[in-house]
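Novice: Starting from these lines, generate the structure:
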Amino acid sequence: MILIVNYKMGNLGNVERAVKRYCDNVLVSENPLDLMNAKKIILPGVGAFGKAMRNLNEAGWIEPLNKAFDKNIPILGICLGLQLFFTESEESPQTRGLGWINDKIIRFKRAKKIPHIGWNNVKWSSVNLLNNNIPDDKYFYFVHSYYAPLREDYTSGITDYENERFTSVIKKDNLYATQFHPEKSHINGLKIIENFILKV
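Specialist: Next up is the predicted model:
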């Protein structure tokens, strides 16, 4: 069963429809107990880091998500979901993230137009099951003001926005994530979801 975490942060309909292209057993859940039966987990998200973590805490998701992470269940983060993998974010300095990746999410420093909205290319820095058979330098759809820095131990895809390079795809242990929205990125975005469902 593929579980999509519903913590009241963003429209989940597009993600659910994309996943159902490749798997019939999909559950969009507000109940953390459903994680016990999940073979893979998708953590989407649109909005602010602090509010997202408050919602996860108040709904009781944190402990079950940590247990799933410790059990090496594959987890895919999308947009804000990627950022929540981290210890902290400049967007909400007093809020601790899930802490699965010990690093800080930062805000664009040099870009004149924030948020970064629209299509941009992704260059692969490493090939893995998530980006397998997706050509290098293809375009995906972004909407964000904060990003993960470049790090060799987790960066799988790199994007440049107004001369500021950032991590746009993550692969670290059982964690997979995209800063862009694969469900809105046409054929190559759907291939990301297909790979996570069928290959990971």
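Novice: residue boundaries of the helices in this structure?
Specialist: Using DSSP state H, the helices found in the chain span residues 13-19, 49-58, 62-70, 80-84, 186-198.
Novice: ranking those helices by burial, who's on top?
Specialist: helix 80-84 (a mean of 27; mean count of other Cβ atoms under 10 Å). C-betas here are computed from N, CA, C, even on glycine.
Novice: In terms of secondary structure, what does that one contact?
Specialist: Packed against helix 80-84 by the contact rule (3 or more Cβ pairs under 8 Å, 6 or more residues apart in numbering; DSSP states H and E) you find strand 40-43, helix 49-58, strand 175-178.
Novice: redo that, cut-off 6 Å
Specialist: helix 49-58 (3 or more Cβ pairs under 6 Å, 6 or more residues apart in numbering; DSSP states H and E).
Novice: Residue 197 is in contact with residue 22, isn't it?
Specialist: Yes. Residue 197 lies in contact with residue 22 (Cβ atoms under 6 Å); the separation is 4.3 Å.
Novice: Now render the helices of the chain as TSV, adding mean pLDDT and distance to residue 143.
Specialist: Output for those, formatted as TSV (pLDDT from 0 to 100; distance: least, Cβ to Cβ, whole Å):
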stretch	mean pLDDT	distance to residue 143
helix 13-19	98	13
helix 49-58	98	15
helix 62-70	98	24
helix 80-84	98	10
helix 186-198	98	13
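Novice: Tell me which of these sits nearest to residue 170.
Specialist: Judged by Cβ to Cβ, the one of the helices of the chain that comes nearest to residue 170 is helix 80-84, at 6.2 Å.
Novice: pretty sure residue 53 is touching residue 95, no?
Specialist: Yes. With contact defined as Cβ under 6 Å, residue 53 reaches residue 95; the gap is 5.1 Å.
Novice: Look up phi and psi at the closest residue to residue 47 other than its chain neighbours.
Specialist: Distance criterion Cβ to Cβ, 6 or more residues apart in numbering; nearest residue to residue 47, sequence neighbours excluded, is residue 9 at 4.9 Å. Main-chain torsions, residue 9, degrees, to the nearest 10: phi -130, psi 80.
Novice: confidence score at residue 9?
Specialist: On the pLDDT scale, residue 9 is placed at 96.
Novice: give me every residue that touches it.
Specialist: Neighbouring residues of residue 9 by Cβ atoms under 6 Å, 6 or more residues apart in numbering: 45, 47, 52.
Novice: cutoff 10 Å now
Specialist: Contacts for residue 9 (Cβ atoms under 10 Å, 6 or more residues apart in numbering) come out as 43-48, 51-53, 55-56, 79-81, 84.
Novice: ok, back up a step: out of the helices of the chain, nearest to residue 159?
Specialist: The nearest among the helices of the chain, by Cβ to Cβ, is helix 80-84 at 12.3 Å.
Novice: Nice, that's everything, thank you.
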